[in-house]
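Engineer: Sharing a sequence plus its predicted fold:
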Amino acid sequence: MARRRRDSQIFSMSFLDCMSCGFGAVILFFMIINAQVKETTEEDPDNLMAETRRLETEILEGRKNLVLARNTIEDLESRKDTAQGQIEQILSLIEQLRAELSKYDEDTLAKIERVEQLQSDIESLEEEVERLLKLAAEQEDDGDRIRAYNDEGQGARQYLTGLKLDGKRTLILVDRSASMLDDTIVNIIRRRNMSDTEKMRSVKWRQAVATVDWLTAQIRPGTEFQIYMYNNEAEPVIRGSGGTWLRADDGSQLDEAVRALRSTIPENGTNLHAAFNVARQLEPQPDNIILLADGLPTMDAPTSNRRVVSGQQRLGLFRDAVREIPGNIPVNILLYPMEGDFEAPIVYWALAFQSGGSLVSVSRDWP
């Protein structure tokens, strides 16, 4: 039996064809990769530069903040060291004072009690002498007054020691700023937002008006007077009388001035410069100034851009205002209480002392 011949398939491809195909595949692969690299190269640099700039900005900002933080820490450490040194000095001084006080306490206690007893006896005798002298002066002067002061049955109130009301031309300056609404800052702010009727009913303002009422009752017939009120500006209590002296004849103008004050509303800041400038503008100049105030000024012009005035600035405003007072005129000061204004009594006392006047700290029940 003859074997069947297997069919054979012949695939014929030359080596050159294989190499050409392989080389073409490599070229195609290279072209694909090159296109992707070109696209990446064209798009990425701008984004990378922007990101680089952002990081550089953050680094610079961080360095700046680090420098500021280091400076702040150094400043705080310096202040801490200074404060610590001051505290140690104060503690050392306190210990020294305690040691000195403990040394002298036992030896001087009996002497102090004896001195206090003698001082109390002297004060009692002085008060009795003053009472008798004032009673005699009241009995002598009652017939010379042109108007009376109604003290609501509490008796005569002629007990102000050293207050001079004997000038031929007396200028009375009345503070009508918002601080005259009360003695405390909180109540001043609260009353400042009330109605005008409630402002005029403020106890402190009614006390100031009553003081002017009492003062005008002491003015002698035939003398001249003028009453100005001041806040951010100064103006005469009797309208139309600015720059002129009023004559105390029948008391009608004094009554009119008191009535005008009763209907006045305390408001705005305190311009003591304008108040003292009145004394310089009057012709002839006054020979006696009576100032009703409750603290240091807060401004030196009708308007001010300052929202807050420090204690040193108020002292500077006071010193500038005092320069407006003509020379050789005594300034008698009636100082009303005011919360937190600790330096006011000192500088007002110095003004009264240097000018030859007097300072009276007004109590809550006077006049």
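Structural biologist: Happy to help now that I have it.

Engineer: Now do the helices in the stretch 51-200 of the chain.
Structural biologist: 185-192, 196-200 (DSSP state H, counting those that start in this stretch).

Engineer: Sorry, slip of the keys, the one I care about is the stretch 201-350 of the chain.
Structural biologist: 203-217, 252-262, 272-281, 311-322, 344-355.

Engineer: among those helices, which is nearest Val237?
Structural biologist: Val237 lies closest to helix 252-262 among the helices of the stretch 201-350 of the chain, at 4.6 Å (CB to CB). In this view, the C-beta of every residue, glycine as well, is placed from N, C-alpha and C.

Engineer: Look at Gly340 and say how many residues are nearby.
Structural biologist: Counted with other CB atoms under 10 Å, residues neighbouring Gly340 total 9.

Engineer: rewinding a little: redo the helices of the stretch 51-200 of the chain as a markdown table? Include mean pLDDT and distance to Thr223.
Structural biologist: Shown next, in a markdown table, are those (pLDDT from 0 to 100; distance: least, CB to CB, whole Å):
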| stretch | mean pLDDT | distance to Thr223 |
| --- | --- | --- |
| helix 185-192 | 91 | 36 |
| helix 196-200 | 92 | 29 |
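
Engineer: Nearest to Asp341, out of those?
Structural biologist: Nearest of the helices of the stretch 51-200 of the chain (CB to CB): helix 185-192, 9.8 Å.

Engineer: coming back round to it: among the helices of the stretch 51-200 of the chain, which comes closest to Leu317?
Structural biologist: Go through the helices of the stretch 51-200 of the chain one by one with CB to CB and the one that ends up closest to Leu317 is helix 185-192, at 18.3 Å.

Engineer: Quick one: the helices of the stretch 201-350 of the chain as CSV, columns for mean pLDDT, mean neighbour count and distance to Lys64 too.
Structural biologist: Formatted as CSV, the helices of the stretch 201-350 of the chain follow (pLDDT from 0 to 100; neighbours: other CB atoms under 10 Å; distance: least, CB to CB, whole Å):
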stretch, mean pLDDT, mean neighbour count, distance to Lys64
helix 203-217, 92, 21, 54
helix 252-262, 90, 18, 62
helix 272-281, 94, 20, 47
helix 311-322, 92, 16, 35
helix 344-355, 93, 16, 47
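
Engineer: Could you save those helices as CSV and add columns showing distance to Asp75?
Structural biologist: Shown next, in CSV, are those (distance: least, CB to CB, whole Å):
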stretch, distance to Asp75
helix 203-217, 44
helix 252-262, 53
helix 272-281, 38
helix 311-322, 23
helix 344-355, 34
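
Engineer: which one of these lies closest to Ile90?
Structural biologist: Closest among the helices of the stretch 201-350 of the chain, once you apply CB to CB, is helix 311-322, at 21.5 Å.

Engineer: Need the contact partners of that closest one.
Structural biologist: 272-273, 275-276, 295-300, 306, 309, 343, 347, 351 (CB atoms under 8 Å, 6 or more residues apart in numbering).

Engineer: Distance from it to the middle of the chain?
Structural biologist: 12 Å (CA atoms, centre = their mean, to the nearest Å).

Engineer: how far off helix 344-355 does it point, in degrees?
Structural biologist: 20 degrees (axes from the mean of the first three to the mean of the last three CA atoms, to 10 degrees).

Engineer: quick one: helix 311-322 to helix 272-281, angle?
Structural biologist: 10 degrees.

Engineer: Pull out the buried residues from stretch 183-199.
Structural biologist: Across stretch 183-199, burial judged by 16 or more other CB atoms under 10 Å covers Asp183, Ile188, Arg191, Lys199.

Engineer: Count the neighbours of Lys168 for me.
Structural biologist: Number of residues near Lys168 (other CB under 10 Å) recorded here: 14.
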